[in-house]
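Participant: with the sequence up front, the predicted model follows.
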Amino acid sequence: MNDRIRGPERAEREELARLLPAPAERDLPPGRHLHHKDTLMRLIDQDGARATTRPRPRLLRPAVLLPAAGLALGGVLLTTLAVTGRDHAPAPAVAPTASGATAHRGAAVLLDRIAAVASKSGDRKVGDDQFVYVRTLQTENEGTFGGPVKLTEPREREVWITQESGPVVDEGLIHQNGSYGPITVGVPDGEEPVGYPAGLNRPTYTWLASLPADPDALGRRLAAEITADQNARDTPPEDRDPDQDLFDTIGELLRETLMPPRTAAALYKVAAGIPGVSVDTDAVDAAGRHGIGVARDDTRAGWRTAWIFDAKTLEYLGEQSYLIRDTSLGRKGTVTNRSAVMERAVVGALREKPSTKA
């Protein structure tokens, strides 16, 4: 691919190619895996050495209350805006965890390219009286809590998220399984809900646009908010994993928001500095679209999560997670989460869809 690459650099490329995960054969048309691997190799050939990576912390967003569709846990009806995937799809092959700078460099190069593409997407102004509309495909886990995963067929989900900057209790509206219901701040039973202002726990377009565009400054900002949130929740030190938590937090920000171009680019560059990020050369979203994944293993939970991007355009497609070892949720390779973003837009009212706008 590049005859001028010799010695250590060629060895590094060959090692990275060897470490890239091989997907299940029946999950791919002939040649697709090689196409995606070649795409990554070209990116690496075009890129120089990266700066030394640095660990960063994270934040977990609070749960939201959904009508009847939530998960009863400890007396609190809680769920999140995260989306899940299907269990009938062929399980991804679980590759050995890549080690050292080689595996990380591949993901860092890819994320730098994704950031460059994201920075060129169209910016817009979004008012406090508007709503961000996001349509996704997802499946739901119908298994017992803590037991084997049992995912449904992909189902359409629509959300309308308020863009008000001040504290709100009613965060928007959700439409799934044929019915509408409010998205409301989740609180323990019997307690009065307290509205959240725009922020990491309720990321509006305007708030996202206000974040630092410099990755170092953004990393420090996220670190501070993550720590503050964990302290407020009395999260014990042994339950904090700064690198994994940051990866998960960025993943949440990508799912059901409309992301300003500069902020998206900065987030991807922050992600490039997270130790342990790697590449899934073929990942499949809930719509069945194949793409290249930026992944990280949550070794404590026993699963790998990958953000999926179109291999040609590098557009964000969705997310998938699957087990990297046998757990109570299922056997190694079991898919635990798949999502697919089908549409994002700004609308002027609840229940308004982009296709119905004047």
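Facilitator: In hand now; what should we look at?

Participant: okay, CA-based contacts and neighbour counts for the rest of this
Facilitator: Will do.

Participant: would you map the strands across the chain?
Facilitator: Under the criterion DSSP state E, the chain contains strands at 64-65, 71-73, 76-78, 131-138, 155-162, 170-176, 179-185, 278-284, 290-298, 303-309, 316-323, 335-347.

Participant: now do the helices in this protein.
Facilitator: Taking DSSP state H as the test, the helices found in the chain are 7-19, 32-46, 100-118, 205-210, 215-232, 242-255, 261-272.

Participant: give the bridge partners for the closest residue to residue 280 other than its chain neighbours, please.
Facilitator: Among residues not flanking residue 280 along the chain, residue 293 sits closest, at 4.6 Å (CA to CA, 6 or more residues apart in numbering). Residue 293 has these beta-bridge partners by DSSP bridges: residue 280, residue 308.

Participant: roughly how far apart are residue 293 and residue 277?
Facilitator: Residue 293 sits 10 Å away from residue 277, going by CA to CA, to the nearest Å.

Participant: output the below-cut-off pLDDT ranges for the chain.
Facilitator: Residue ranges of the chain with pLDDT under 70: 1-101, 186-190, 356-358.

Participant: now with 80?
Facilitator: In the predicted model of the chain, residues 1-103, 139, 185-193, 355-358 satisfy pLDDT under 80.

Participant: residues in contact with the residue nearest to residue 280?
Facilitator: Contact analysis of residue 293 by CA atoms under 8 Å, 6 or more residues apart in numbering lists 279, 280, 281, 282, 283, 306, 307, 308, 309.

Participant: roughly how far does it sit from residue 282?
Facilitator: 7 Å.

Participant: please apply the same query to residue 303.
Facilitator: 17 Å.

Participant: one step back: tell me the most buried of the strands of the chain?
Facilitator: The highest mean neighbour count among these, using mean count of other CA atoms under 10 Å, belongs to strand 278-284: a mean of 28.

Participant: quick one: it to strand 303-309, angle?
Facilitator: 70 degrees (axes from the mean of the first three to the mean of the last three CA atoms, to 10 degrees).

Participant: number the residues from 37 up from this point.
Facilitator: Sure, I'll start counting at 37 from here, so that last one is strand 314-320.

Participant: other SSEs contacting strand 314-320?
Facilitator: helix 68-82, helix 136-154, strand 326-334, strand 339-345, strand 352-359 (3 or more CA pairs under 8 Å, 6 or more residues apart in numbering; DSSP states H and E).

Participant: other SSEs contacting the fourth one?
Facilitator: In this case it means strand 339-345. strand 314-320, strand 326-334, strand 352-359.
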